[in-house]
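K.L.:
The following block contains a protein sequence and its predicted model.
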Amino acid sequence: MVIMHKYHGLGNDYLVFDPNENQMKLQEREIERLCRRNFGVGADGILYGPLFGDGKIYVDIYNPDGREVEQRGNGVRIFAKYLRDAGYVTEQSFILTTKAGDVEVEFLEEDGNCMRANMGKADFMSAAIVTEDTSCETELVNEPLLFHGALYNTTCLSLGNPHCVIMTEDVSGSSIKELGPYVENASYFPGRMNLQLCRVEGRNRLRAETYERGAGYTMASGTGACAAAAAAYRLGLVDSLVTVAMPGGELMIEIGEEGDIFMTGPVEKVGTFTLAENFFS
């Protein structure tokens, strides 16, 4: 018997696979099958954990294509909520460790439905973003790059995972679905790239659409919202406290005095599923 727990953060949904209650270890094929909307449970990714070691709580994060990724903002909040629901964590704040490093999470409500997470500092250096020329130590801020036959002024940064932010008035699902695959697989980014289209709606408000590497179009992205706010702040377009509006809802992003990026937002549980015995056969 395989048990999965499904949660979403603003429509960005994940399945939690807890190895402490399941006997099998997921492989790439199983992850792909689980995440398929029409033939599986359906999800934007898998959260595998908790894993314990050196006094830390770890989570491994996988995209729907089965590849492991370093960080996911909504994934962090969702997994923190699961840890609260399952009784692994009872404190108001704790440290969760991803492949990108430690994330401090603070529950803002007793039930753990809303939380604030320190997502670390944005790194604008090209080597951190893994560009085509990894020996080139330069920032990619408002630089023209060619995608699908057109030049776009782009700001690229890493929050443990890489993001390409394009400031534009044309922020729509259709636009990002068209451009997203070209940015994700551009030769500039051998490790593939997440894309955010972003429009400034005021000094404290942004509108963003996200196309995630290995997942495609998503209704919301935690690290994407952080990247959009960090890029707009670096360009002088917004203040340090910004609401990022996405199709699935809004996240509050705050850039601290030392550069740490704090993300505040909700999580909801969808349900717990028991897979059919022959699902993976």
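P.N.:
That came through, no problem. Residues are numbered from 1 along each chain as shown.
K.L.:
Quick one: residues contacting residue 229.
P.N.:
The neighbours of residue 229, taking C-beta atoms under 8 Å, 6 or more residues apart in numbering as the test, are 206, 238, 242, 244, 253, 255, 261. Where C-beta positions appear, they are placed from N, C-alpha and C, glycine not excepted.
K.L.:
Might you report the residue contacts of the last one?
P.N.:
Applying C-beta under 8 Å, 6+ apart to residue 261 gives the contacts 118-122, 159, 226, 229-230, 253-255.
K.L.:
Narrow these to those in helices?
P.N.:
In helices, defined here by DSSP state H, the members of those are 226, 229-230.
K.L.:
want to try CSV for the residues you listed, with pLDDT and distance to residue 86 as columns?
P.N.:
Supplementary listing: the ones in helices among the contacts of residue 261 in CSV, determined by pLDDT from 0 to 100; distance: C-beta to C-beta, whole Å:
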residue, pLDDT, distance to residue 86
226, 98, 26
229, 98, 31
230, 98, 32
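K.L.:
quick check, nearest of those to residue 139?
P.N.:
residue 230 (12.5 Å; C-beta to C-beta).
K.L.:
what's the nearest residue to that closest one if we skip its chain neighbours?
P.N.:
In this structure, residue 230 finds its nearest non-sequential neighbour in residue 122, 4.0 Å apart by C-beta to C-beta, 6 or more residues apart in numbering.
K.L.:
doesn't residue 159 make contact with that neighbour?
P.N.:
Yes - using C-beta atoms under 8 Å, residue 122 makes contact with residue 159 at a distance of 6.0 Å.
K.L.:
which of these two has more neighbours?
P.N.:
residue 159 (25 against 22; other C-beta atoms under 10 Å).
K.L.:
roughly how far apart are the closest residue to that one other than its chain neighbours and residue 87?
P.N.:
Closest residue to residue 159 apart from its sequence neighbours, by C-beta to C-beta, 6+ apart: residue 223 at 4.9 Å. Distance of residue 223 to residue 87, given as C-beta to C-beta, to the nearest Å: 27 Å.
K.L.:
higher neighbour count, those two?
P.N.:
Neighbour count, other C-beta under 10 Å: between residue 223 and residue 87, residue 223 has more, with 31 against 7.
K.L.:
show me what contacts the more buried one?
P.N.:
Residue 223 neighbours (C-beta under 8 Å, 6+ apart): 71-73, 119, 159-161, 163, 194.
K.L.:
how about the helices in the protein?
P.N.:
So, for the chain - with DSSP H - the helices run 28-35, 73-85, 126-129, 173-184, 222-234.
K.L.:
is it possible to export the ones you listed to CSV including distance to residue 96?
P.N.:
What follows is the helices of the chain, written out as CSV (distance: least, C-beta to C-beta, whole Å):
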stretch, distance to residue 96
helix 28-35, 20
helix 73-85, 6
helix 126-129, 21
helix 173-184, 26
helix 222-234, 13
